[in-house]
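Asker: Kindly return the folded structure for what I paste below:
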Amino acid sequence: MASRPDLVGYYRQMLLIRRFEERAARGYTEAKIGGYCHLNLGEEATVVGLMSALDPSDYLFTNYREHGYALARGIEPGRVMAELYGRTDGVSKGWGGSMHLFDVQARLLGGYGIVGGQLPLATGAALAITYRGGPEVVMCHMGDGTTNIGAFHESLNLAALWSLPIVYVVVNNHLGMGTTVEKASAEPELYKRAAAYRMHGERVDGSDVVAVRDAAVQAMEMAREGRPALLEAVGPRLRGHSVVDPAKYRTKEEAAALQAADPVLALSAHLRETEALSVEELARLEESVVAEVDAAAAFADASDAPEIKTLFDYNYATPVPNDLRRLPGQLLFEVAGA
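Answerer: Coordinates of the predicted model:
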């Protein structure tokens, strides 16, 4: 169960993510966002439910579909949008872009562009917590395709052997890019893979923000006791794998069914039908969110691009000898008299 204030708060976060991602898609078509751009459209209930289960001191590792997680973790929308635009006011000072959001204060330790690249790092962070004896827990988010790589099995095995405080979350939107889970996984019910490591595994409806929250809270509590867990949230991805993917692998009927199951619209209807919010209140909330996203886009537009001379500033955490900082086109050696 969730109280009226909780549901209203969850809805506002979900709506913020939806309007932010729609604005990000627009920014990509306007060439304000470069590189790759993967959106959380349709996964808002999963994102908000998971993030509501974390304490401020807990750590989060994600894959490259992480804009919504950054917003739900409390990072200002302007700083997130500025990073997507590659500007200095972004969370990674403009050098990370869409796939590499990072914020120490929010304990968001990265979006990772390599499939599964975050799993060993998240597992290592959980090991570090055990050395320090801290109360924190690591949540490691991934897509369904990640469960078929070696790092997934290695990480879960070590987490179980060492009783690490970590929750692995698989967001199963039924497609690894354009390949269905059933065609890629001999066991398509992905939570069952936890059984191989004597780890708690659970599947939850990713379109139900309260169900996701409750399952995540339980998993996090277990992890704080040294019992790692695997949570699978099953929900829709309303668009293609990235903003340039037309998702032609879906039939018109499948696309229509996904739109009909839109979790943002479903929660809006629930709030209206239960009189938690009136039509007028929903409209005012929409206006507030749109204004916040507009302000974020304006903030990103006004932010400066990084200077070329800072290109190598974050190669290493500390200075190292013979750190090469030659820019493209520069000679390796200056020739006297040339």
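Asker: Can you pull the poorly scored residue ranges out of the stretch 201-338 of the chain?
Answerer: 332-338 (pLDDT under 70).
Asker: Show me the strands in it, by range?
Answerer: Secondary structure of the stretch 201-338 of the chain (DSSP state E, counting those that start in this stretch): strands at 229-234.
Asker: got it, and the stretch 1-150 of the chain?
Answerer: Going by DSSP E, counting those that start in this stretch, the stretch 1-150 of the chain shows strands at 59-63, 108-112, 138-143.
Asker: Please render those strands as a markdown table that adds distance to residue 249, mean pLDDT and mean neighbour count to the earlier fields.
Answerer: In short, each C-beta sits where N, CA and C put it, glycine included. Below are these laid out as a markdown table (distance: least, Cβ to Cβ, whole Å; pLDDT from 0 to 100; neighbours: other Cβ atoms under 10 Å):
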| stretch | distance to residue 249 | mean pLDDT | mean neighbour count |
| --- | --- | --- | --- |
| strand 59-63 | 20 | 97 | 26 |
| strand 108-112 | 25 | 95 | 22 |
| strand 138-143 | 16 | 97 | 27 |
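Asker: ok, residue 178 to residue 145 distance?
Answerer: 11 Å (Cβ to Cβ, to the nearest Å).
Asker: Flag every buried residue along the longest helix along the chain.
Answerer: Longest helix of the chain, by residue count under DSSP state H: helix 4-29. For helix 4-29, a neighbour-count test (16 or more other Cβ atoms under 10 Å) marks 7-8, 10-21, 23-25, 27-28 as buried.
Asker: Show me what that helix is packed up against.
Answerer: Helix 4-29 is packed against helix 44-51, helix 67-72, helix 77-84, helix 209-224, helix 263-273, helix 279-302, with contacts defined by 3 or more Cβ pairs under 8 Å, 6 or more residues apart in numbering; DSSP states H and E.
Asker: what pLDDT, on average, does the first one get?
Answerer: It refers to helix 44-51. Average pLDDT, helix 44-51: 98.
Asker: ok, now the third one?
Answerer: Taken as a whole, helix 77-84 has an average pLDDT of 98.
Asker: Can you mark which positions in that helix are buried?
Answerer: For helix 77-84, by 16+ other Cβ under 10 Å, it's 77-84.
Asker: The first one too?
Answerer: Of the residues in helix 44-51, those buried by neighbour count under the rule 16+ other Cβ under 10 Å are 44-51.
Asker: what would these look like in a markdown table with distance to residue 324?
Answerer: Listed next are the buried residues of helix 44-51 as a markdown table, based on distance: Cβ to Cβ, whole Å:
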| residue | distance to residue 324 |
| --- | --- |
| 44 | 44 |
| 45 | 47 |
| 46 | 43 |
| 47 | 40 |
| 48 | 44 |
| 49 | 46 |
| 50 | 41 |
| 51 | 40 |
